[in-house]
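1. Give me coordinates for this.
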Amino acid sequence: MKTASTRGRVLVVDDDAALLRATCAILRHHGYEVEGSASVRDALEALDAHSFDAILTDLDLGEQTGLDLLRGVSGLLVPGGFGERG
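-> Residues are numbered from 1 along each chain as shown. Just a heads-up that it's a prediction; the model follows:
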């Protein structure tokens, strides 16, 4: 959630450790409070524990996708068919 000192809280999800660190660092530099997760499971646990203003996720997260993550978020509507693996 936004506080007086931040622009908002962002959950960043990427299974590429270097990209995850870089994305988190850039967002922090721009005033966001950031939490990084390397998997769908870890991201869902973070979402259960904290509130976020935005989720920035890679689509290809190994065995699961960013869309799998978004489908697991309560109250979030994800359009069907977009990015489905065939």
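2. Who are the packing partners of the least confident helix or strand in the chain by mean pLDDT?
-> Every helix and strand in the chain was compared by mean pLDDT, DSSP states H and E; the lowest is helix 66-71, with a mean of 87. Using 3 or more CB pairs under 8 Å, 6 or more residues apart in numbering; DSSP states H and E, the elements in contact with helix 66-71 are helix 40-49, strand 54-57, strand 60-61. (Glycine included, C-beta is placed from N, CA and C.)
3. Next, work out how far apart Leu69 and His30 are.
-> 23 Å (CB to CB, to the nearest Å).
4. who has more neighbours, those two?
-> Using other CB atoms under 10 Å as the criterion, Leu69 and His30 rank with Leu69 on top: 26 against 11.
5. Give me the nearest residue to that one, chain neighbours excluded.
-> Val40 (4.6 Å; CB to CB, 6 or more residues apart in numbering).
6. which residues does the one you found contact?
-> Val13, Leu61, Gln64, Thr65, Asp68, Leu69, Gly72 (CB atoms under 8 Å, 6 or more residues apart in numbering).
7. Let me see the mean pLDDT of the helix ranked longest in the chain.
-> Scanning the chain for the helix with the most residues, using DSSP state H, yields helix 17-29. Averaged over helix 17-29, pLDDT sits at 97.
8. low-scoring stretches of this structure, by residue?
-> The model of the chain has pLDDT under 70 over residues 1-5, 75-86.
9. can you list contacts of the longest helix of the chain?
-> With contacts defined as CB under 8 Å, 6+ apart, helix 17-29 is touched by Val10, Val12, Val13, Asp14, Val34, Gly36, Ser37, Ala38, Leu56, Asp58.
10. wait, doesn't Leu44 sit right on Leu69?
-> Yes - the criterion here is CB atoms under 8 Å, and Leu44 meets it with Leu69 at 6.9 Å.
11. Quick check: neighbours shared by these two?
-> Shared contacts of Leu44 and Leu69, defined by CB under 8 Å, 6+ apart, are absent.
12. Ile55 - nearest residue in space that isn't next to it in sequence?
-> Nearest-residue entry for Ile55: Leu11, 4.8 Å, with adjacent residues in sequence omitted and distances by CB to CB, 6+ apart.
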